[in-house]
Structures are given as C-alpha cells and as structure tokens.
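Participant: Have a look; sequence and predicted model below, questions after that.
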Amino acid sequence: MQFAAYTLLGQFIKKVTHHDPEFEVEQRIFKKLGMNHSYFPKDKLYMVPGIDQYAIVNTYSYYPKKGFKQYPFIHEGEELSRWSMSWVNVAGAIASTPGDINIYVHALYNPGPLLNSSQIEELTKTISKLSGQPLVLKKGIKEFGFGFSVVAFYWPKVNHVIYMYNGSTNGGTFNYMYDPASQLYLSYAVNVNPAADIVNFNNSLALFADLIEQCK
C-alpha cells in the first residue's frame, strides 16, 4: 500500500510541475539543503555522473525462510547495489549518506528552507494505527503514532517523544531517530535481515539513549 501511495505521489508531482520527480527532489531538497552526497538515479546508482562507485555500500539478498524467494530472478546472497533503481522510483530509489540524512531530518523538524512551523506541526500530528483517531503521545501511552511519513513514540527512558522512520529496498534497510529535546539524530543502514531487525533497532535505541544522556 505504501509503495503504491508513493508511486502515485510521483505521478502527481510530474502532473503538477511538468518535471520528473527526480528533478524536483534534486532542486527542492538536495540543492536547497546542500545534500551533496544524495542521489535520485533513474537507473543504476553507479551510473550517476561523478559518483564514486567504490564508495557505494554493497547490499545482498536475504531470504529468511528456506525455499522462499520473494523475487524468482534474485538469488540468495546476490549482491544488489548494482541493480537498477527504476523499479522502486519515488518509493525508495534515493541513495544517500547518514550525514546527508541528518541534514534532511533537521530540516524536517525545524523551520527553515524546507518547511515552515505550520507545515512541521502538520507533519508531526500523529494518529493511532489501532483506531485511526488522533493520538496524543504522553507518559503511559505505549502505542506508536503515525504522521506524514514519520513515526513517533513516547520514550519513558528520556521522558519525551522521539521521532523515527525506516525503509528498505535493494537489500538494505535504513533508519533514523530524532530527539527534539537535545536536537540529536541517529541514522544507520544495515543489510536487510528481518530476523535481526528488532535486534538492530533495540541496539540503536540503547546507543541513542546513551548519547542523549551524555548531552544533558
């Protein structure tokens, strides 16, 4: 469902601006924010002019169930970073670095060249996945709140709300966490492995908690 929604959004952008989504993202986000290591390739990432192909992180296919193949043309353990990104397009074709992602995350939650205060307020309004109703995150609420491509939760360890999001494509999964109180960001990418996702998430949460504590 989410993949289809982003695909539809890409067509909407093209209809309104008369430009491909790749062009609009590069002009309105990458260049505006100085994200010099972020790319929106129409085809293979290593074919982007000026990119250092040896700096591209390798990703590999992984099938958690024996005999299960999500895509019949992709083999277990196959290196995927050299595949075309055209199939995923606006739903996940962008390649970036943790540093550039931190620039973007800061711009998402702080008024500036990307969003104003009212837009950020709209972005961070959350609803309950269970009821579909507005959700006010506070102490005692253990549910995750969902906004416009953001996820929020009240974290008892730091006594306030934390924002995050994740996504996966071509063998890699990426996550960011943002703490509005300390203005700290944590971004990381790992090879897709559903069995280890929760372990990676819990370890990153523990690291993030330590970082927040050190900045008090």
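Facilitator: Cool, got the structure.

Participant: out of all of them, which helix in the protein is the longest?
Facilitator: Taking DSSP state H as the assignment, the helix of the chain that covers the most residues is helix 197-214.

Participant: and it, what other elements does it pack with?
Facilitator: Applying 3 or more CB pairs under 8 Å, 6 or more residues apart in numbering; DSSP states H and E, we find helix 197-214 packed against strand 172-179, strand 184-191. Any C-beta I mention is one placed from the backbone N, CA and C, and that applies to glycine too.

Participant: Could you say which of those strands is packed most deeply?
Facilitator: For the helices and strands packed on helix 197-214, the stretch with the most neighbours on average is strand 172-179, a mean of 21; neighbours defined as mean count of other CB atoms under 10 Å.

Participant: How far away from the center of its chain is that one?
Facilitator: Averaged C-alpha coordinates place strand 172-179 at 6 Å from its chain's average position (CA atoms, centre = their mean, to the nearest Å).

Participant: mean confidence for it?
Facilitator: The predicted model assigns strand 172-179 a mean pLDDT of 90.

Participant: elements contacting that strand?
Facilitator: helix 98-109, strand 160-169, strand 184-191, helix 197-214.

Participant: As TSV, these with distance to Leu8 and mean pLDDT would be great.
Facilitator: What follows is those, written out as TSV (distance: least, CB to CB, whole Å; pLDDT from 0 to 100):
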stretch	distance to Leu8	mean pLDDT
helix 98-109	21	92
strand 160-169	17	88
strand 184-191	26	89
helix 197-214	27	89
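
Participant: Using TSV, lay out the ones you listed together with distance to Ser38.
Facilitator: Rendered in TSV, the data for these read as follows (distance: least, CB to CB, whole Å):
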stretch	distance to Ser38
helix 98-109	5
strand 160-169	14
strand 184-191	12
helix 197-214	21
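
Participant: how far does the longest helix of the chain sit from the chain's center?
Facilitator: Going by CA atoms, centre = their mean, where helix 197-214 is centred and where its chain is centred differ by 17 Å.

Participant: what's in contact with that helix?
Facilitator: 157-158, 162, 173, 175, 177, 179, 181-182, 184, 186, 188, 190 (CB atoms under 8 Å, 6 or more residues apart in numbering).

Participant: now with 7 Å?
Facilitator: Contact with helix 197-214 is made by 157-158, 173, 175, 177, 179, 182, 184, 186, 188, 190, as judged by CB atoms under 7 Å, 6 or more residues apart in numbering.

Participant: quick one: it to strand 160-169, angle?
Facilitator: Relative orientation of helix 197-214 with respect to strand 160-169: 140 degrees, computed using axes from the mean of the first three to the mean of the last three CA atoms, to 10 degrees.

Participant: circling back to that earlier point, farthest-apart pair in the contacts of helix 197-214, please.
Facilitator: Across those, the longest distance by CB to CB is 24.9 Å; it joins Thr173 and Ser182.
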